[in-house]
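# dropping a prediction and its sequence here:
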Amino acid sequence: MTHALDAFDCAVYLHITSPMPECGKTRLLEVLELLVAKPWLTGRITAAVLMRKMDAEHPTLLLDESDAAFNSNPEYSEALRGMLNSGFRRPGNVSVCIGQGSKITYKDFSTFGPKAIAGIGRLPSTVESRSIPIRLKRRRSDERVDKLRLRDAAADCSRVHTALASALAPFFSSLQSARPDFPPGLSDRAEDVLEPLLAIADSAGGDWPDRARAAVAALIGNGAREKQEAEQDVALQLLGDLQALFKERGSPEFLWTKDIVTGLAAIGDRPWAEYGRKGDAINSHAVARLLKKFDVQPAGTIRDGIETAKGYRLASLEDAFERYLPAGQTPQASQRHKTNNNG
């Protein structure tokens, strides 16, 4: 799509994510750098550099370590979010003041262009809704792959790069006028983001139209979206139940994780007693994974007299309680979450 960007009103965003480091996110960006048009692979950049380079060169932005960027200085992360929000649709501008003193004025900087954004965890919801999710897993010890050396791959990728540009050039007019059909159940924004890819697949012919739409259904169709929403719902439910556990015990300074797990499993109208893959109770890993969505981390080992165990401090949870739980209200149980997965 990057080789035919001028034919489209919207640019494609990829959100490349994984639950842990060393799952191949950076390597995927390095391979994309060899294949896309006008690549710009970078990590932490200032907002000023980002908007000026996007405005001057309209590169394909390959942004690594997005989790660090969005969890850093709030002013920077908000500026980055604004530029990514504006840059998926043409003309895609951000307006800033330039100059000093009596010569101060304003300028619109274009942020439009395709982008691949790699990092652990979620993006801000407004950026995520503009992105196609690419979720990576760490390779198992018994999964063997050939080692990729970029210096060796560069020549082959250069030929593919040239072939892509040459193959798309004759289709520019038809891509510009293409109005592809979309699979059912997509939001308007998802259709905007996907239109270039489906138009290219339709122009390629053969089995590409069907393959592209099958990929769309798997990545951002109804089923994929419901799974994501279910995960968000169950995390909120756990946060509410954890708040209730603290209140029932008189709001102590901390609760040990083993007591949290036991307390959750004892709630009769909740999924926690059968939350595991094998129908067993929720475990400490699942609690940590769900709470991580609210930037809540376990406190590590806590000492109480002569006893020590891992747990969570109330102080680390209070911000999440205040932000996400209505006062005096605990989220209702949802039977669709009766069986999920620990770990």
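Good, I have the coordinates. Numbering: from 1, shown residues only.
# in the chain, where is pLDDT below threshold?
Low-confidence segments of the chain (pLDDT under 70): 222-232, 326-343.
# what domains does the record give for it?
2-162, 227-337 (automatic domain parsing).
# just the helices in the stretch 201-343 of the chain please.
With helices called from DSSP state H, counting those that start in this stretch, the stretch 201-343 of the chain shows them at 208-220, 222-248, 257-265, 284-292, 314-324.
# circling back to that earlier point, between the domains of the chain, which gets nearest to Phe182?
Closest to Phe182 of the domains of the chain, according to Cβ to Cβ: domain 2-162, at 13.1 Å. (C-beta placed from N, C-alpha, C; glycine too.)
# related to what we said a few turns ago, any chance of the helices of the stretch 201-343 of the chain in JSON lines, with mean neighbour count too?
Output for the helices of the stretch 201-343 of the chain, formatted as JSON lines (neighbours: other Cβ atoms under 10 Å):
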{"stretch": "helix 208-220", "mean neighbour count": "16"}
{"stretch": "helix 222-248", "mean neighbour count": "16"}
{"stretch": "helix 257-265", "mean neighbour count": "18"}
{"stretch": "helix 284-292", "mean neighbour count": "18"}
{"stretch": "helix 314-324", "mean neighbour count": "14"}
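# for the ones you listed, which one sits closest to Pro114?
Of the helices of the stretch 201-343 of the chain, nearest to Pro114 by Cβ to Cβ is helix 208-220, at 16.6 Å.
# which residues sit against the closest one?
Applying Cβ atoms under 8 Å, 6 or more residues apart in numbering, the contact partners of helix 208-220 are 132-134, 182-183, 186, 190, 194, 197-198, 201-202, 223-224.
# again, 7 Å this time
The contact list for helix 208-220 (Cβ atoms under 7 Å, 6 or more residues apart in numbering) reads Ile132, Pro133, Pro183, Leu186, Ala190, Leu194, Leu197, Leu198, Ala201, Asp202, Ala224.
# any idea which element the fifth one lies in?
Okay, so that is Ala190. Taking DSSP states H and E as the criterion, Ala190 maps to helix 188-204.
# circling back to that earlier point, now tabulate the domains of the chain in CSV and tack on distance to Leu168.
What follows is those, written out as CSV (distance: least, Cβ to Cβ, whole Å):
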stretch, distance to Leu168
domain 2-162, 4
domain 227-337, 32
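# ok, which of those comes nearest Ser174?
It is, among the domains of the chain and with distance given as Cβ to Cβ, domain 2-162, at 8.7 Å.
# same for the helix holding Ala190, what does it pack against?
Packing partners of helix 188-204 (3 or more Cβ pairs under 7 Å, 6 or more residues apart in numbering; DSSP states H and E): helix 172-177, helix 208-220.
# and the longest one, how far out from the chain middle?
The gap between where helix 208-220 is centred and where its chain is centred comes out at 19 Å by Cα atoms, centre = their mean, to the nearest Å.
# check stretch 55-66 too.
Taking Cα atoms, centre = their mean, one finds the center of stretch 55-66 at 17 Å from the center of the full chain.
# who's in contact with Phe246?
Contacts of Phe246 (Cβ under 7 Å, 6+ apart): Pro252, Leu255, Leu314.
# how about CSV for these, with distance to Pro298 added?
Converted to CSV, the contacts of Phe246 look like this (distance: Cβ to Cβ, whole Å):
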residue, distance to Pro298
Pro252, 16
Leu255, 11
Leu314, 13
